[in-house]
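K.L.:
All I have is the shape, not the residue letters:
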Ligand SMILES: NC(=O)c1ccc[n+]([C@@H]2O[C@H](COP(=O)([O-])OP(=O)(O)OC[C@H]3O[C@@H](n4cnc5c(N)ncnc54)[C@H](OP(=O)(O)O)[C@@H]3O)[C@@H](O)[C@H]2O)c1
């Protein structure tokens, strides 16, 4: 089963200069809860945005078309979507964590969406792809807690494919 997990602003911005445009520790916490013990799939640029290499306690699968691209162990490099099933158990939850290029590759097969909607406008250079929400049902919606460390209003939403 394939899920998408991402956070976007009011204008669907997800990235800026190779990083997240915001700091939202509560979203990081949710990211961890939803990915720990699972397989995560990411594009080469998203992988390079991690300051300490592969994320612990998760099978990290990195996509690049460059077969010589080096990922730090224990991450795994794949060169195409077709290669994914050779490394991941597709019967368990495989969480695609972006960026936009990788979301595009999986958009026709994604079963579940975990989105954090941040009610703020940021400067960005990468946006979330267009998704056809009529093909999905909202199954969970939760307002995020705003405090001194999480200063932007945000909502956690989960959708399941119809
Ligand atoms: N807000 C969020 O939730 C969120 C989530 C993820 C990322 N981001 C942000 O988004 C930005 C990065 O996203 P991005 O869209 O620019 O890049 P990306 O999707 O992370 O990486 C793009 C690269 O992935 C590889 N790739 C993509 N599709 C592939 C395919 N079908 N087969 C093989 N390789 C493939 C290619 O690598 P090669 O060029 O090496 O071939 C491509 O250049 C950063 O700013 C990051 O912080 C935000």
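P.N.:
Received it, and whenever you're ready, just let me know what you need. All of these numbers come straight from a predicted model, not from anything done at the bench.
K.L.:
can the longest helix belonging to the chain be found next to the ligand?
P.N.:
Secondary structure of the chain read by DSSP state H shows that its longest helix is helix 25-35. No. Residues of helix 25-35 contacting the ligand under Cβ under 6 Å from any ligand atom: none, with a closest distance of 8.1 Å. Every C-beta, even on glycine, is put in place using the N, C-alpha and C of the backbone.
K.L.:
do whichever helix or strand comes after that helix and the ligand meet at all?
P.N.:
Sequence order places strand 39-43 as the next helix or strand after helix 25-35, per DSSP states H and E. Yes. Contact between strand 39-43 and the ligand, assessed by Cβ under 6 Å from any ligand atom, occurs at 42-43.
K.L.:
re earlier: what residues does the longest helix of the chain touch?
P.N.:
With Cβ atoms under 8 Å, 6 or more residues apart in numbering as the test, helix 25-35 has contacts from 3, 5, 7, 55, 58, 95, 97, 114, 116, 118, 144-145, 149-150, 154, 156.
K.L.:
Quick check on those: which are buried?
P.N.:
Buried members of these, scored by 16 or more other Cβ atoms under 10 Å, are 3, 5, 7, 55, 58, 95, 97, 114, 116, 118, 144, 150, 154, 156.
K.L.:
hmm, stretch 117-134 in reach of the ligand?
P.N.:
Yes. Stretch 117-134 reaches the ligand (Cβ under 6 Å from any ligand atom) through residue 126.
K.L.:
Many thanks, we can stop here.
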